[in-house]
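Colleague: with the sequence up front, the predicted model follows.
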Amino acid sequence: MITKVFILCVLFFGFSFSAHAFEKKRAQQELNERFLQSCLEGTVTEMNEHLKNGADVDAVNTFGSTCLHLAAFTNNIEKMDILFRYHVDINALCKFGHTPLAMAARGGHLTAVEYLVN
């Protein structure tokens with residue numbers, strides 16, 4: 001009898017913990033997606049709020065680009081400044097092997113290049 005109760009408890013609580021972990025992971029993915037969207041189209045305030053709420057500063061989109069890649073390519077120094085406050089990985093590579101510095105250079109953004117080099 002004790003063995004059956006133990007097995008039922010393990011099955012129930014094990015499943016419960018698995019479901020909770022899945023929900024937590026999905027919530028983090030959704031937060032990271034909103035963060036990346038704010039990097040591309042949102043305001044600095046929105047981006048900062050997502051980071052304060054636990055978004056991963058090094059989250060990547062489908063191309064493997066981080067928010068720093070996007071900010072560098074669009075020459076958005078203000079967004080890059082916030083990302084550095086959260087210790088973004090300056091050497092992150094996208095799926096095409098480009099760093100944020102390379103993205104800034106490809107976009108012809110001297111200001112972003114200088115910011116990233118310094």
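Modeller: Nice, thanks for sending it over.
Colleague: so where do the helices sit in the protein?
Modeller: Per DSSP state H, the chain carries helices over the ranges 2-41, 44-52, 67-73, 77-85, 100-106, 110-117.
Colleague: out of those helices, which one sits most buried?
Modeller: Highest mean neighbour count among the helices of the chain (mean count of other Cβ atoms under 10 Å): helix 67-73, with a mean of 26. C-beta coordinates here come from the backbone N, C-alpha and C atoms, glycine included.
Colleague: now render the helices of the chain as JSON lines, adding distance to N61 and mean pLDDT.
Modeller: Conversion of those to JSON lines gives the following (distance: least, Cβ to Cβ, whole Å; pLDDT from 0 to 100):
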{"stretch": "helix 2-41", "distance to N61": "5", "mean pLDDT": "77"}
{"stretch": "helix 44-52", "distance to N61": "14", "mean pLDDT": "96"}
{"stretch": "helix 67-73", "distance to N61": "8", "mean pLDDT": "97"}
{"stretch": "helix 77-85", "distance to N61": "15", "mean pLDDT": "97"}
{"stretch": "helix 100-106", "distance to N61": "13", "mean pLDDT": "97"}
{"stretch": "helix 110-117", "distance to N61": "18", "mean pLDDT": "97"}
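Colleague: so can I have a markdown table of these showing distance to L93?
Modeller: A markdown table is the format used below for the helices of the chain (distance: least, Cβ to Cβ, whole Å):
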| stretch | distance to L93 |
| --- | --- |
| helix 2-41 | 16 |
| helix 44-52 | 21 |
| helix 67-73 | 9 |
| helix 77-85 | 16 |
| helix 100-106 | 9 |
| helix 110-117 | 14 |
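Colleague: out of those, flag the one nearest D58.
Modeller: Comparison of the helices of the chain against D58 by Cβ to Cβ identifies helix 67-73 as nearest, at 8.2 Å.
Colleague: and that closest one, what other elements does it pack with?
Modeller: Other helices and strands packing on helix 67-73, by 3 or more Cβ pairs under 8 Å, 6 or more residues apart in numbering; DSSP states H and E, are helix 2-41, helix 77-85, helix 100-106, helix 110-117.
Colleague: now do the contacts for the most centrally placed residue in the chain.
Modeller: In the chain, the residue lying closest to the centroid (Cα atoms, centre = their mean) is A59, at 2.1 Å. Neighbouring residues of A59 by Cβ atoms under 8 Å, 6 or more residues apart in numbering: 32-33, 35-36, 66-67.
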